[in-house]
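J.: Can you look at this prediction? I've put the sequence above it.
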Amino acid sequence: MEALTIIWVIVCAYLLLNLLVGVYCHIRVKDSTDYLLAGRRIGVLMTAGTLAATEIGGGSTVGVAAKAYGSWGLSAGWYVVSAGIGVILVAFIAPLLRRAMATTVPEIIGRRFGASSHLITSILSMLATITLAGVQITATATIISVLTGLSTELAILICGAVLVIYTMSGGMWSVTMTDVIHFFVLVGGFSLAVPFVLHNVGGWESVVAKLPPEQLGFTKVGWKTIIGLIIMYFMTFSTGQESVQRYFAAKDERTAVLGSIICGIIMALFAFVPAILGLVALAEFPNIEANNAVATVALNLMPPVMAGFVMAAVVSATLSSGAGDLLGAATVFTKDIVEHHFGKSLTDAQLTNYSRLCVLFLGIIAIIISLVSKAIIPMLVFAFTMRSAGPFAAFLLGLTWKNATAGAGIWSIVLGSIAGVYWEFVGNPYGIMSIIFGSIVSLIVFVAVVFIERSMGKPPAPPAIPDDVKEI
């Protein structure tokens with residue numbers, strides 16, 4: 001059997017496995033809580049695994065290898081280390097997230113700051129998360145395209161269809177269970193690949209000899225960028241629906257904290273593996289498309305079975321992130337827009353069915369986004385900015401500051417979002433990321449409005465966590 005055929009068979013079998021898991025999990029779904037939150041009963045290891053599989057996506061694999069192939073060199077690994085640190089920082093607020101007994105981020109903001117804040121945050125979260133799903137479809141399709149020779153467009157349609165079907169079938173149960181499978185395939189496949197690849201190119205010394213010295217700089221990307229990435233990831237993981245939904249689904253607060261810490265450690269340990277593969281690609285294949293670095297190395301420098309597992313690992317990374325994004329977008333649309341504004345009398349069965357239809361509808365939009373734009377990391381950063389720059393202060397301080405007022409929520413969300421988008425539009429002046437600039441504006445506005453409104457005698461907004469919910 002030809003090498004390419006072996007690889008393709010392994011990847012196809014892996015895609016089929018995801019579909020079968022989705023069908024199996026369809027049977028386990030009894031109500032909307034099962035569908036959207038896996039019954040709020042996932043344990044520590046499953047929480048860590050599903051968080052890791054969700055956050056280690058196309059940007060952390062294909063994107064990091066592409067950045068290592070390009071201007072970042074070895075320091076591209078900091079993209080994932082920073083994400084791991086960000087997840088660990090979220091552990092400090094994880095108990096509050098779990099204690100809130102919510103389903104979505106906008107729901108918490110709506111409880112504290114009212115209907116307008118709720119609706120604006122819902123729209124921002126949904127649009128950003130659909131965009132993120134589109135990015136993961138793009139990353140998956142680049143692998144399928146290289147393996148099969150199919151056009152990128154056709155590969156996007158195939159990968160998008162698989163993603164939509166298994167997410168739609170079992171909801172959070174299928175996403176969580178496939179995430180655990182994705183996690184082991186991803187970490188194992190990539191980690192085992194590096195020794196094979198280095199052996200086949202004559203060792204690390206041979207790679208180094210073919211690269212410009214600056215490509216090996218451990219912090220070439222710069223400490224300002226590294227610190228900015230850590231801040232960005234803390235902000236986006238603490239407000240991103242696909243991340244926070246995992247904390248909502250944990251069986252208790254301790255599970256949420258431990259799962260977050262374990263996930264961060266795993267991500268930091270994995271971080272530089274894709275960067276090394278990107279550098280090998282640059283040394284051996286200097287004239288390829290950067291996004292094809294991982295696939296090209298796998299096809300040319302690994303035994304067929306190993307290459308098949310690595311390609312399945314990349315597919316697993318992108319599909320798991322895409323499924324989390326897609327389910328997150330559908331959850332926000334169903335709970336915060338359909339049910340909250342139009343469907344107060346929906347039965348639980350109707351809510352579950354609406355959620356499935358939303359996955360299908362929003363999945364089609366994500367596929368269209370993927371067809372239109374194929375830039376992975378820039379699209380990721382823009383989506384992070386859109387969903388987090390404005391709502392960050394309202395979400396975090398809304399959970400922790402008892403004296404926060406209703407006006408602070410809406411003003412910080414609106415002005416922070418405008419500032420973030422504007423900063424992105426003008427090209428991130430002074431090297432300050434748009435999400436950070438927007439979040440700083442959001443924080444300043446929030447604090448200022450609270451002090452102004454309190455001085456005028458306005459009362460604090462209602463609590464985000466109901467008074468009758470006790471610490472677990």
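T.: That came through, no problem.
J.: show me where pLDDT drops low in the chain?
T.: 1, 26, 58, 317, 343-345, 374-377, 466-472 (pLDDT under 70).
J.: ranges for the strands of it?
T.: Shown for the chain, no strands are assigned by DSSP state E.
J.: Spit out the contact partners of V338.
T.: The neighbours of V338, taking Cβ atoms under 8 Å, 6 or more residues apart in numbering as the test, are L346, Y354, C358. For glycine as for every other residue, the C-beta is placed from the backbone atoms N, C-alpha and C.
J.: Looking at these, which are in helices?
T.: Y354, C358 (DSSP state H).
J.: Which one of the contacts of V338 is nearest to G170?
T.: Among the contacts of V338, C358 lies closest to G170 (Cβ to Cβ), at 14.7 Å.
J.: Run a quick neighbour tally on the closest one.
T.: 23 (other Cβ atoms under 10 Å).
J.: cool, R254 as well?
T.: R254: 14 neighbours (other Cβ under 10 Å).
J.: try E2
T.: Using other Cβ under 10 Å, E2 is surrounded by 8 other residues.
J.: separation between it and P304?
T.: When distance is defined by Cβ to Cβ, to the nearest Å, E2 is 8 Å away from P304.
J.: pull the longest helix from this protein.
T.: Among the segments of the chain that qualify as a helix by DSSP H, the longest is helix 152-200.
J.: Hmm, D336 is touching E107, no?
T.: Yes: counting by Cβ atoms under 8 Å, D336 touches E107, with 6.2 Å between them.
J.: residues contacting the most centrally placed residue in the chain?
T.: The residue lying closest to the centre of the chain (Cα atoms, centre = their mean) is E55, at 4.5 Å. By Cβ under 8 Å, 6+ apart, the contact set of E55 is A83, V87, F237, S243, C263, M267, S321.
J.: Save those residues as TSV, and put in neighbour count too.
T.: Below are these laid out as TSV (neighbours: other Cβ atoms under 10 Å):
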residue	neighbour count
A83	28
V87	30
F237	27
S243	25
C263	30
M267	25
S321	30
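J.: Tabulate these (JSON lines), appending distance to A141.
T.: Output for the contacts of E55, formatted as JSON lines (distance: Cβ to Cβ, whole Å):
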{"residue": "A83", "distance to A141": "23"}
{"residue": "V87", "distance to A141": "27"}
{"residue": "F237", "distance to A141": "25"}
{"residue": "S243", "distance to A141": "24"}
{"residue": "C263", "distance to A141": "26"}
{"residue": "M267", "distance to A141": "24"}
{"residue": "S321", "distance to A141": "14"}
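J.: quick one: which of those residues is nearest D252?
T.: Taking Cβ to Cβ as the measure, D252 lies nearest C263 of the contacts of E55, at 16.7 Å.
J.: So which bits of stretch 143-159 are buried?
T.: Applying a neighbour-count criterion of 16 or more other Cβ atoms under 10 Å, one finds I143, I144, S145, V146, L147, T148, T152, A155, I156, L157, I158, C159 buried in stretch 143-159.
J.: what's the distance between that stretch and the middle of its chain?
T.: Computed by Cα atoms, centre = their mean, to the nearest Å, the chain-centroid distance of stretch 143-159 equals 22 Å.
J.: end to end, how far does that stretch reach?
T.: With Cα to Cα, to the nearest Å applied, stretch 143-159 spans 10 Å between its terminal residues.
J.: With stretch 141-154 instead?
T.: Length of stretch 141-154, first residue to last, Cα to Cα: 8 Å.
J.: So which residues make contact with that stretch?
T.: 4, 7-8, 11, 62, 155-156, 158-159, 291-292, 294-296, 299, 311, 314-315, 318, 370-371, 374.
J.: Then stretch 192-206?
T.: Contacts with stretch 192-206, where a contact means Cβ under 8 Å, 6+ apart, come from 207, 273, 276-277, 280, 283-284, 297-298, 301-303, 306, 309-310.
J.: Please repeat the previous calculation with a cut-off of 10 Å.
T.: With contacts defined as Cβ atoms under 10 Å, 6 or more residues apart in numbering, stretch 192-206 is touched by 207, 209-210, 272-274, 276-277, 279-281, 283-284, 294, 297-298, 300-303, 306-307, 309-310, 313.
J.: Which positions in it come out as buried?
T.: Across stretch 192-206, burial judged by 16+ other Cβ under 10 Å covers A193, V194, F196, V197, L198, N200, V201.
J.: Which single one of these is nearest to V164?
T.: Nearest to V164, judged by Cβ to Cβ, of the buried residues of stretch 192-206 is A193 at 28.9 Å.
J.: ok, G160 - contacts?
T.: Going by Cβ under 10 Å, 6+ apart, G160 touches 133-134, 136-138, 140-141, 322, 326, 363-364, 366-371.
J.: Repeat the analysis, applying 7 Å as the threshold.
T.: G160 makes contacts with I137, G363, A366, I367, S370, as judged by Cβ atoms under 7 Å, 6 or more residues apart in numbering.
J.: Next one: the closest residue to the first one other than its chain neighbours from F234, what distance?
T.: Yep, that's I137 we're talking about. Distance criterion Cβ to Cβ, 6 or more residues apart in numbering; nearest residue to I137, sequence neighbours excluded, is S370 at 4.1 Å. Using Cβ to Cβ, we find S370 at a distance of 27 Å from F234.
J.: So those two - more neighbours on which side?
T.: More neighbours surround S370 than the other of S370 and F234, with 28 against 24 (other Cβ under 10 Å).
J.: K220: how many residues sit nearby?
T.: 17.
J.: give the contact list for the residue nearest to it when sequence neighbours are not counted.
T.: Spatial nearest neighbour of K220, chain neighbours left out: S75 (4.2 Å); criterion: Cβ to Cβ, 6+ apart. Taking Cβ under 7 Å, 6+ apart, we find S75 in contact with G217, F218, T219, K220, V221.
J.: do you know how far S75 is from A48?
T.: From S75 over to A48 the distance is 26 Å, taken as Cβ to Cβ.
J.: do the same with N287
T.: Between N287 and A48 the distance, using Cβ to Cβ, works out to 40 Å.
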